[in-house]
Each structure stands twice: as structure tokens, then as C-alpha cells.
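Novice: after the sequence you'll find the predicted model.
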Amino acid sequence: MQAIEYFEVECTEKLGGEYYKQITNDVLLDHNLLRVIHKMHVYIDPKVPIFVVVGVLKKVTTLVKVGDIANVNPQEGKLTLSISNETWLAPMLKIFWDRFGKDHVDQPDRFTVILYGVTAGAQEVEEIVIADPSKALYKDLVYALRCICPEGFRVRSENYGAEKFSFVASENTLTDAGMALVREKFALMGMTP
Amino acid sequence: MILVPITYRGGIYRHNEIIDLIEDLGGYIIQKHMIAQEVVIQCFVPKDDVELIRAIGKPIAGEVTDSPLVGTEIAIVSMSLEIHHLPHPSCDIAEYVRRLGAKSNMVGMARGVGKRIAGLNDEERDVINEHDIAVYLLGNFETCIEYKMPVLLRGIDVPVVLCGGPDKDVLERIVEPKVDGYVGNVGRFMHRTKESEELTKLDEIIAEITRVLSKRREELAKDPLSVSPARLMDVIREQVPAILDVTSPTPLTVQMSGLRVKLPYDTYADVLRKTEIEDGIKIGDIADIEPSRMRDYILVRVRPFSETNMVI
């Protein structure tokens, strides 16, 4: 876990804690979340039972623009876009349809989009924002934490702010003790919730 | 005649000769897979003739291996069918036992997860009891395993092999009531088993399953079955043509002391009961035909010699 500055899994059972460290690592890696997490502390006590995750996120400010995923080539009466990354193709087309109208947007094959008779220049098209990855981050993070969490712990409290997040789960009703644990674990990382 | 389970693996070319040979020797073919240019035959053959099959198969690049799990139906009991438990480790283990010839079914519990909230309902209990052996795949915490095992084992009367995160000796100590086999250090994990260490663990599970099944076979040998389930399979295949129209991969699933017939119970139970095996002896005389809890299948449980006084 090179990308995370602080990563600890604390568990009342030593072997169980080691397994959960591996699980956490695998899940974050699978969901490509290592690059956005700065610090993370996991606490599990199966005797209570309770599962707590607190963490700090890195700032994700990069917006995805048309220029990031396509080369825009101006030609006479049209702009030809060669797509290099398909990930954001669908939202890009939707934005084009809304902005220029379906009649002006054509996709002759998988990696080519042609804009006919649009007033915008190549530079302007390249600057169109098509996605904000940080918006999906919350969903991804919560999903990943649910995967890491022992499955029976279905009573959950999920908090997500601009930088910090906390996740508390148990199979019993959550009490103030859970919130106290969140504060305590944040303090271990030198932070306040 | 002692029948032993083996797997024959070879090319399609002249494989019919091997099938004829197995049948001529008095063996039974449990399953035949054709995969591209390869054929895999799982069968029971007389113990003394294994070398003969190996010798005849050699010129046509056939390979014979012992498959102790052929002719068994194993329940892989997963605590749920959620992403937490699937596809790793449940599918990895289910697939591994399948490779060694067993028919494995995955039983995903509705409420097997958690500690206090874990439970087993009557349908799950009955489905597990229809198998030869159940492999329980549990989590990583000994506290949870200790707490919930009495509930999850309630009413289970087939042998159980338990896999869990804690060490084997810890599992042996904490699990009540005691089960037949334990494999430690195989709890919940979220990656594919491909490292050699993990594959060794899978082998350990197979070894434990084989050990428990051998013990069960020894028990069965003390009071032998009235008819071999493999033979019963052949009889049904010949005399109940409807089974040939079933599209399931194993329309007749052989178990250690019975058979699962994948035909509707209401329509075919009586047909099976009246099917003659030999000399006027019908299946109904030596086996119990029961409805299965799995879909509307039929479960044939062969009665032992002590109950019927005959062995065919």
C-alpha cells in the first residue's frame, strides 16, 4: 500500500486482523481507490460486534475534458474527434447531443465522432467538461467499504465530507460508543472528525 | 467385485473403444465431457482392471488417474451469495472439487452471515442433508464462528468439513458440536486463489474431504447397499427414456448411497418405483423414492442389505 500514507487495521483477534488487512488492500486495489485515499484506519471488534473505518481523502480536482480523451481535428465544415479512451464516451455524446443537437453529431465507428456544422472551434470543444470523477467517488468508496465490512454488519452509519470519511457498522443498533470510536481512531491519525 | 472411481482423460480419437472396454469390464460411466478435442470420462471400474484400461488407453494418449471424489455430491455451503463470499473463496473451492470428479452444488444461505443474526432455515437444512458431505465456508473471526456454529449445524446429519480463517487447532477447540473435518486458514478473502500457497490450501481441503468420505465409505461397506447407485443409474438410463431429454449437465447425479434423478417427482416417482432392475426386483423394493427439496427432483435413497436382505 505505497500510495497510502497511513494504513492500519486494528482488530481484537490478531489473525483476523491480518486477513482483514489483506481484504481491505484487495478491495481498494480492485476499485482503484488507493490513489484517492490519504490515510485510513480500520477497527474491528467481533465480540461487540463493531466495524469502524475512518480515513482522509486526497484532493481530487481533475475534471475530465474532451481534450483528455480525444484528438479534435478541424476539417472543412466539421470537427473529427478520434477517441483514445472510451471510458467517458457515453457522457461525452450526451453532452454533444444536448449542446449541438443529434443532427450535428455522428459516430461512424467506435473510435470516431464527427461534429457537423457546429459554431464552436476545436479549442472550445476540447475544453468542454464531460465528467467530474469526484462525484462518483463517494459511491465507489461506500461500495468498497461495504465490501470490506463483514457481511452480517448491516446496521450502518456512513459519513462523507469534503476530505474525511467514516463508516461504522454492526449487527446491533449503533450507540454513541460507535461515534466515540470514530473520534478515537481519527485522533490516532492526528485528526478530528 | 470392488469398483473404484477413476478419471480417463484423452483425445476424442478412438475413445469409444475405452467406453466399450469400461462397459465390458462391468464398470459404469458417471459423466462424459467432450471439450474441444479432449474427452474426460469419470467412471467406476473394477479395481483389478484399472491397469488394463491404462494400458489400452496409452497408445491413444489416454491418461488414467484416481479420482476419489467421483460419484459423490458435495454441498459447498456459503454463508451468503453476496460479493463478500463469491466468487472467492466459494466458487474457487466448488470448482476445485469439481475438477476432481465430485458433483458440487453451492448452497447459499439466506441468513448465514453475521454472529447473533446467523440462522439456518428448514429448506437449507434439508438441501444440505441431501448431499454426501457438506463443506462449510466460514469467515475469519473465531468469536463469530464459535457463536454461530451450533445454530448452523442444527439438524445437519451428513458429515461436515469446516473451513475457516482461524488455525485448525483453534477451530477444533471452539466448534461445538464437533464436526468431521477441519481446515484452518481458509476464511473470507477477496482475491483469486492462484498462489502456490493458496493452491496447497485447496489441496488440503480436498484431502480432508477425501478422508471424511473414505471413513463414510468404510461405514457403508459394513452394511453394503442393496444395489450400487452407479448401476441404478444405468438401469434408469435404459428404462426411463424421459431422462435422455433432460438438458441438465447431470440428469442422474450419483451419490454414495443414492441418486438424484432430475425428473419431476409427481410424474415419475411411480415410474421409477416400478422400474425393474433384475429378476422381477423393482427399484421400489430396494430403495426409497422421495421428493427432493431441490426443485421438483426425485431423490432415490438405496436401502442397505440389512433392511432388504438382498444385494444385486
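Specialist: Looks like it came in fine.

Novice: okay, now B:Gly27: neighbour count?
Specialist: 23 (other CB atoms under 10 Å in any protein chain shown). In short, each C-beta sits where N, CA and C put it, glycine included.

Novice: quick one: A:Gly16 from B:Lys103, how far?
Specialist: 33 Å (CB to CB, to the nearest Å).

Novice: need phi/psi at the residue of the stretch 1-150 of chain B found nearest chain A.
Specialist: Among all residues of the stretch 1-150 of chain B, B:Gly114 sits closest to chain A, at 2.0 Å; criterion: CB to the nearest CB. In terms of degrees, to the nearest 10, the main-chain angles of B:Gly114 are phi 80, psi -170.

Novice: how about the residues of chain A near chain B?
Specialist: A:13, A:15-16, A:19-20, A:22-23, A:26-27, A:30, A:44, A:46-47, A:49, A:147, A:150-154, A:171-172 (CB under 8 Å from any CB of the partner chain).

Novice: of the residues you listed, which belong to helices?
Specialist: Among the residues of chain A next to chain B, the members found in helices (DSSP state H) are A:Leu15, A:Gly16, A:Tyr19, A:Tyr20, A:Gln22, A:Ile23, A:Asp26, A:Val27, A:Asp30, A:Cys147.

Novice: selecting buried members of these in PyMOL, what would you type?
Specialist: A single PyMOL command selects the buried members of those (16 or more other CB atoms under 10 Å in any protein chain shown):
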select buried, chain A and resi 15+16+19+20+22+23+26+27+147
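
Novice: what is the most widely separated pair among the ones in helices among the residues of chain A next to chain B?
Specialist: A:Leu15 and A:Asp30 (22.8 Å; CB to CB).

Novice: now do the strands in chain A.
Specialist: Ranges of strands in chain A, per DSSP state E, are A:6-11, A:37-45, A:50-57, A:64-65, A:70-75, A:78-83, A:105-109, A:112-116, A:129-131, A:155-160, A:164-170.

Novice: rewinding a little: tell me the one of the ones in helices among the residues of chain A next to chain B nearest A:Met189?
Specialist: Nearest to A:Met189 among these: A:Tyr20, at 17.8 Å, using CB to CB.

Novice: distance check, A:Glu126 against A:Lys102.
Specialist: Distance, A:Glu126 to A:Lys102, by CB to CB: 21 Å.

Novice: before we move on, what about A:Glu151?
Specialist: To A:Lys102, A:Glu151 is 45 Å away according to CB to CB.

Novice: which of those two has more neighbours?
Specialist: Set side by side, A:Glu151 and A:Lys102 show more neighbours around A:Glu151, with 20 against 10, by other CB under 10 Å.

Novice: for residue 128, list the residues it contacts.
Specialist: No chain specified, so I'll use chain A. A:Lys65, A:Val66, A:Ile95, A:Arg99 (CB atoms under 8 Å, 6 or more residues apart in numbering or on different chains).

Novice: looking at chain B here, not the other one
Specialist: B:Ile128 sits in contact with B:Ala75, B:Val77, B:Val107, B:Ala134, B:Ile156, B:Val158, where contact means CB under 8 Å, 6+ apart.

Novice: what do you get if the cut-off is 6 Å, keeping everything else the same?
Specialist: Neighbouring residues of B:Ile128 by CB atoms under 6 Å, 6 or more residues apart in numbering or on different chains: B:Ala75, B:Val107, B:Ala134, B:Ile156.

Novice: tell me the SS of the closest residue to B:Asp266 other than its chain neighbours?
Specialist: Spatial nearest neighbour of B:Asp266, chain neighbours left out: B:Asp296 (7.3 Å); criterion: CB to CB, 6 or more residues apart in numbering or on different chains. Three-state assignment for B:Asp296 (DSSP: H, G, I helix; E, B strand; the rest coil): coil.

Novice: list the contacts of stretch B:164-180.
Specialist: With CB under 6 Å, 6+ apart, stretch B:164-180 has contacts from A:19, B:138, B:140, B:142, B:145-146, B:149-150, B:153, B:159-160, B:162, B:182, B:184, B:187, B:212.

Novice: looks to me like B:Val300 is in a strand.
Specialist: Yes: according to three-state DSSP, B:Val300 belongs to a strand.

Novice: what about the closest residue to it other than its chain neighbours, which helix or strand?
Specialist: Leaving aside its sequence neighbours, B:Val300 sits nearest to B:Leu259 (CB to CB, 6+ apart; 4.3 Å). For B:Leu259, the element it lies in under DSSP states H and E is strand B:258-261.

Novice: same check on B:Val4?
Specialist: Here B:Val4, judged by DSSP H and E, is contained in strand B:3-11.

Novice: that strand - what's its average pLDDT?
Specialist: Across strand B:3-11, the average pLDDT comes to 93.

Novice: then stretch B:269-282?
Specialist: Stretch B:269-282 comes out at a mean pLDDT of 93.

Novice: what comes up buried for it?
Specialist: Buried residues in stretch B:269-282 (16+ other CB under 10 Å): B:Ala269, B:Val271, B:Leu272, B:Thr275, B:Ile277.

Novice: what's the residue of chain A found nearest chain B sitting at in phi/psi?
Specialist: In chain A, the residue that lies nearest chain B is A:Gly152 (2.0 Å; CB to the nearest CB). For A:Gly152, the backbone dihedrals (degrees, to the nearest 10) come out as phi -70, psi -10.

Novice: which ones are touching it?
Specialist: A:Glu171, B:Val113, B:Gly114, B:Ile117.

Novice: for A:Arg99, see how far away it is.
Specialist: Separation of A:Gly152 from A:Arg99 (CB to CB) stands at 48 Å.

Novice: and A:Asp132, by the same measure?
Specialist: Noted for A:Asp132: a distance of 17 Å to A:Arg99, by CB to CB.

Novice: check A:Arg110 too.
Specialist: 22 Å.
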